[in-house]
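Asker: What shape does this take:
(chains A, B, C and D)
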2 protein chains.
Amino acid sequence: MGITTKGRATRQRIVEGAAVHLRGTEPGTLTLDDVRAITGTSKGQLFHYFPGGKEELLLAVARFEADRVLDDQQPHLGALTSWAAWRRWRDAVVARYRAQGAHCPLGSLLGQVHSTPGAAEVVSTLLGQWEGHLRRGIEAMQARDQVDPALDAGRHAAALLAGVQGGVQVLRSTGSSRHLEAALDLGIEALRPPRTREGPADP
Amino acid sequence: MGITTKGRATRQRIVEGAAVHLRGTEPGTLTLDDVRAITGTSKGQLFHYFPGGKEELLLAVARFEADRVLDDQQPHLGALTSWAAWRRWRDAVVARYRAQGAHCPLGSLLGQVHSTPGAAEVVSTLLGQWEGHLRRGIEAMQARDQVDPALDAGRHAAALLAGVQGGVQVLRSTGSSRHLEAALDLGIEALRPPRTREGPADP
DNA sequence: GCTTTCCTGGACTCGACGGTCCAGAAAATT
DNA sequence: AATTTTCTGGACCGTCGAGTCCAGGAAAGC
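Answerer: Next comes the predicted model:
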């Protein structure tokens, strides 16, 4: 009564293989036979590890990809304590989504495993964590007197997150990162004090 | 050699019926038999009017819905010439997407008929028109000295559009309009002159 | 070493769904 | 009224893909 090391490895191989395939094609076109072919497994194994079938597998992939989304923005996202850090984060986001072009795992998941119970939870968690990082970043800047303390960190974090999400969506549709960059730049700009737009120097 | 009035009506009935169904369910679950059932038509008619099959039908629905998106924001979106008009537009957007909750036609289309040739064009056109309205609105405000003429209208329009798109996406996922409202409010706020945050009075 | 549990492979079922076909009704055209 | 075109209904087909089943191989436990 337990799971062997070999079993764990196979399960992991399935999830990662499916994730890779999902990154290269439209979601919804993914078939279990695709997964079989890519990961070198059999139907038996698929249903052995994911008794809930395709939906359970997709949800596992969703969790896997959700983790990657924030990881790819680290270490910048976790330490937004200077204007330079914000700049690096902004560049990392643009670079990441430019690179992946038409396929945002989050977007794919949002569009695909939408109405299931656990799926909404995965998305909510991801968005919540993302926004939390941004909010704490803004608060850190406020604590350092580089951002007006009267500014509502929660609102700005929410707006910034929305801008990034929308920018990525437009990027996926049109291939241009113009909106993403505009949303990021103006969103960050809005944090700077209105009087001295350059703000205190960054060591 | 021509199309009869009856034919036109049937075609329209098919498109609208499919659109209604698409608004109430996940896209991708739509089957031709669903459309048949809803619109009271037969397979023969479906392929008579849409020889390209499901894809052509979906594309027709996409165009139909894309028109609705901007129409629903009128007349506000077409005349953003005062702060009050911006406010009305903002309220209209929030109300519209709150009401439709989990199903944004644009979002559905983005996620569904993604990779086809004409689909990208529909989305690009819609986004382009939307952004154009916003840009002209900002320029109109600049012409009236209510917005700093040095401000880059194109960039702000792009960022605002991204914020709306992302806000709607979050709304679809979490059910909360917090992000959408934050993105709209802060995006519009960013247009106001920094010195006099209240701006000239609105007659 | 023997038993029990876990792991793997693949053949098979079965339903769903897109798409085809054609015959006949309804309009339009002459 | 005859004829041609368009419209409509529905039976039919082929495929594809999710999920089942079970038999045999590998580990783990005793």
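Asker: Okay, and the residue most central in space within chain A sits in which element?
Answerer: Compute the mean C-alpha point of chain A, and by CA atoms, centre = their mean the closest residue is A:Val69, 3.1 Å away. Using DSSP states H and E, the secondary-structure element containing A:Val69 is helix A:54-71.
Asker: next structured bit after the helix or strand bottoming out on mean pLDDT in chain A?
Answerer: The least trusted helix or strand in chain A, going by mean pLDDT, DSSP states H and E, turns out to be helix A:105-112, with a mean of 67. Using DSSP H and E, the next helix or strand after helix A:105-112 towards the C-terminus is helix A:117-143.
Asker: mind checking how far that next one is from the chain centre?
Answerer: Here the centre of mass of C-alpha atoms in helix A:117-143, compared against the chain's by CA atoms, centre = their mean, to the nearest Å, lies 11 Å away.
Asker: Please say whether there is contact between it and chain B.
Answerer: Yes. Contact between helix A:117-143 and chain B is present through A:120, A:123-124, A:127 (criterion: CB under 8 Å from any CB of the partner chain). Quick note: C-beta positions are derived from backbone N, CA and C, even for glycine.
Asker: do the same with stretch A:60-74
Answerer: No. Using CB under 8 Å from any CB, no contact is recorded between stretch A:60-74 and chain B, whose separation bottoms out at 12.1 Å.
Asker: is it true that A:Glu181 touches A:Val168?
Answerer: No. At 11.2 Å, A:Glu181 does not count as touching A:Val168 under the criterion of CB atoms under 8 Å.
Asker: Neighbour count: these two, which is higher?
Answerer: Summary of the neighbour comparison: A:Glu181 and A:Val168, criterion other CB atoms under 10 Å in any protein chain shown, with A:Val168 having more neighbours (26 against 21).
Asker: Do I have it right that that one meets A:Ala183?
Answerer: No. With the criterion set as CB under 8 Å, A:Val168 and A:Ala183 do not qualify as a contacting pair; they are 9.3 Å apart.
Asker: Common neighbours of these two, please.
Answerer: Overlap between the contact sets of A:Val168 and A:Ala183, as judged by CB atoms under 8 Å, 6 or more residues apart in numbering or on different chains, is given by B:Gly166.
Asker: Contact residues of chain A facing DNA strand C?
Answerer: A:1-4, A:6-8, A:10, A:40-45, A:48 (CB under 7 Å from any atom of the strand).
Asker: Show the buried residues in these.
Answerer: A:10, A:41, A:45 (16 or more other CB atoms under 10 Å in any protein chain shown).
Asker: Which residue, other than its chain neighbours, is closest to the second one?
Answerer: In this case it means A:Thr41. A:Ile14 (6.0 Å; CB to CB, 6 or more residues apart in numbering or on different chains).
Asker: Also the last one?
Answerer: Leaving aside its sequence neighbours, A:Gln45 sits nearest to A:Thr10 (CB to CB, 6+ apart; 6.1 Å).
Asker: Check A:Asp185 too.
Answerer: In space, A:Asp185 comes closest to A:Arg90 once its chain neighbours are excluded; the distance is 7.1 Å by CB to CB, 6+ apart.
Asker: So that neighbour, which state does it fall into?
Answerer: helix (DSSP: H, G, I helix; E, B strand; the rest coil).
Asker: Give me the pLDDT for A:Gly187.
Answerer: In this model, A:Gly187 is scored at 98, pLDDT.
Asker: right, and A:Ile14 touches A:Leu57 too?
Answerer: Yes. Taking contacts as CB under 8 Å, A:Ile14 lies within contact range of A:Leu57: 7.2 Å.
Asker: and chain A, what are its domains?
Answerer: According to the domain assignment given by automatic domain parsing, chain A is divided into the following structural domains: A:5-62, A:63-189.
Asker: Can you give me the end-to-end span of the last one?
Answerer: End-to-end distance for domain A:63-189, by CA to CA, to the nearest Å: 33 Å.
Asker: thinking again about what came up before, quick one: mean pLDDT for the helix holding A:Val69?
Answerer: Throughout helix A:54-71, pLDDT has a mean value of 93.
Asker: Point out the other helices and strands that it packs with.
Answerer: On a contact count with 3 or more CB pairs under 8 Å, 6 or more residues apart in numbering or on different chains; DSSP states H and E, helix A:54-71 meets helix A:5-24, helix A:32-39, helix A:105-112, helix A:117-143.
Asker: circling back to that earlier point, settle it for me: which of A:Ile14 and A:Leu57 has more neighbours?
Answerer: Here A:Ile14 and A:Leu57 are set side by side on neighbour count (other CB under 10 Å), and the busier one is A:Ile14, at 24 against 21.
Asker: can you tell me how far the more buried one sits from A:Asp33?
Answerer: 13 Å (CB to CB, to the nearest Å).
Asker: who in chain A is up against DNA strand D?
Answerer: Contact residues (CB under 7 Å from any atom of the strand) of chain A with DNA strand D: A:2, A:4-6, A:30-33, A:43-44, A:47, A:53-55.
Asker: Mind doing that once more with 10 Å?
Answerer: Residues of chain A lying close to DNA strand D by CB under 10 Å from any atom of the strand are A:1-7, A:28-36, A:42-48, A:50-58.
Asker: Throw the helices and strands packed on helix A:54-71 into JSON lines and include distance to A:Ala79, thanks.
Answerer: Listed next are the helices and strands packed on helix A:54-71 as JSON lines, based on distance: least, CB to CB, whole Å:
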{"stretch": "helix A:5-24", "distance to A:Ala79": "27"}
{"stretch": "helix A:32-39", "distance to A:Ala79": "36"}
{"stretch": "helix A:105-112", "distance to A:Ala79": "22"}
{"stretch": "helix A:117-143", "distance to A:Ala79": "8"}
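Asker: Tell me which of these sits most buried.
Answerer: Most buried of those by mean neighbour count (mean count of other CB atoms under 10 Å in any protein chain shown) is helix A:105-112; its value is a mean of 23.
Asker: residue in chain A nearest to DNA strand D?
Answerer: Distances between chain A and DNA strand D by CB to the nearest atom of the strand are smallest at A:Gly53, namely 2.5 Å.
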